[in-house]
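Q: Provided below for reference: sequence and predicted model.
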Amino acid sequence: MTQVSRIVILTGAGISAESGIDTFRDHGGLWEKHSIEDVATPQGFARDPDLVLGFYDARRAALADVEPNAAHVALARLEREFRGQFLLVTQNVDDLHERGGSTNVCHMHGELKSALCNACETRSRWEGPMLERPPCPVCQAPTLRPDVVWFGEIPYQMRRIEEAMLQCDLFVSIGTSGAVYPAAGFVQQAKRLGARTLELNLEPSEGTAIFHEARHGPATQVVPAWVD
Ligand code: BJW
């Protein structure tokens, strides 16, 4: 870590698993219980908005019952202690990085506690349910949707991520299967640009062989061990 001056960290659902949030593709994960086409595409939302609003209302409400774990807290400590440039990019829509103490989190797939208005396109902080069709706080239209990135939509803050990737000398991927692009392509991009790459995951991910180094085990163990 001593020779590193710029770090990009990418996290996925695995970092929040030990807090009690379901991952997507693991055994018993969200995509075993729900169809991706139905709940995570714009077409699914157009077909059955109640189903989609109910799916995200339940996940938003469940955030009240979970706490950040040792891996979230370790990354917040790294952000505070690291003297170079540091970008934490998460694919997660939960708020556990922030509640673990991270102050600068790039939510590339959006956030459960945010609403996007389909009429005026305003993004607003949102804590309650959407199934009852509340009005947009800005334009008053009953056209709110979860502010999350579905398949076929463009992830948030890609330019900021791109800039950080261009400059980083260490890229660390934590708790993600590497099944979803563009995030799954970051490791190749980082390597091409000369950065060292490290995977921290419960088990080898789809792209594990691409990384210079991989350490496998539960995030609450491998992440604090790496940070300290
Ligand atoms: C632990 C652990 C523990 C467990 N400790 N580890 C063909 C080829 C290439 C691309 C495409 C293609 N066809 C279509 C595409 C594009 C498509 C895509 O990637 N499809 C794939 C299926 C192939 N991508 C898109 O459409 C994206 N948009 C896009 O590409 O736009 C074009 C564009 C991009 C850039 C610039 C300009 C234009 C959008 C993708 C949106 C993904 N949305 C979701 C839902 C978000 C809202 C919600 O939460 O409901 O995002 S899908 C879901 O998957 C969610 C996640 O963020 C994402 C990744 O999942 P993640 O985090 O990796 O979770 P899992 O479950 O897969 O893995 C968990 C891991 O943790 C496992 O490895 C476990 O082992 C591990 N683990 N416990 C440590 N205790």
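A: Noted; the coordinates are in hand.

Q: now do A71, the pLDDT please.
A: What the model reports as pLDDT for A71 is 98.

Q: quick one: contacts for it?
A: I15, E18, I174, G175, A219, T220, V222, V223, P224 (C-beta atoms under 8 Å, 6 or more residues apart in numbering). Just so you know, the C-beta spots here come from the backbone N, C-alpha and C atoms, and that holds for glycine as well.

Q: the first one contacts V222, correct?
A: No. The criterion here is C-beta atoms under 8 Å, and I15 misses it with V222 at 10.3 Å.

Q: so which of the two has more stuff around it?
A: Neighbours around I15 and V222, counted as other C-beta atoms under 10 Å, are more numerous at I15. The numbers are 31 against 21.

Q: within the helices and strands, which one has that one?
A: Taking DSSP states H and E as the definition, I15 sits inside helix 14-17.

Q: tell me the SS of the nearest residue to A62 once chain neighbours are set aside?
A: Leaving aside its sequence neighbours, A62 sits nearest to I21 (C-beta to C-beta, 6 or more residues apart in numbering; 7.4 Å). Secondary structure assignment for I21 (DSSP: H, G, I helix; E, B strand; the rest coil): coil.

Q: ok, now which ones touch I21?
A: By C-beta under 8 Å, 6+ apart, the residues touching I21 are A13, A62, V66, N92, D94, L96.

Q: hang on, the earlier thing: can you name the element that comes right after the helix holding I15?
A: helix 30-33.

Q: wondering if that next one reaches the ligand at all.
A: No. Helix 30-33 does not reach the ligand (C-beta under 6 Å from any ligand atom); its nearest approach is 7.2 Å.

Q: hey, where'd the helices end up in the chain?
A: For the chain, applying DSSP state H gives helices covering 14-17, 30-33, 36-39, 42-47, 49-62, 70-81, 96-99, 158-167, 186-192, 219-227.
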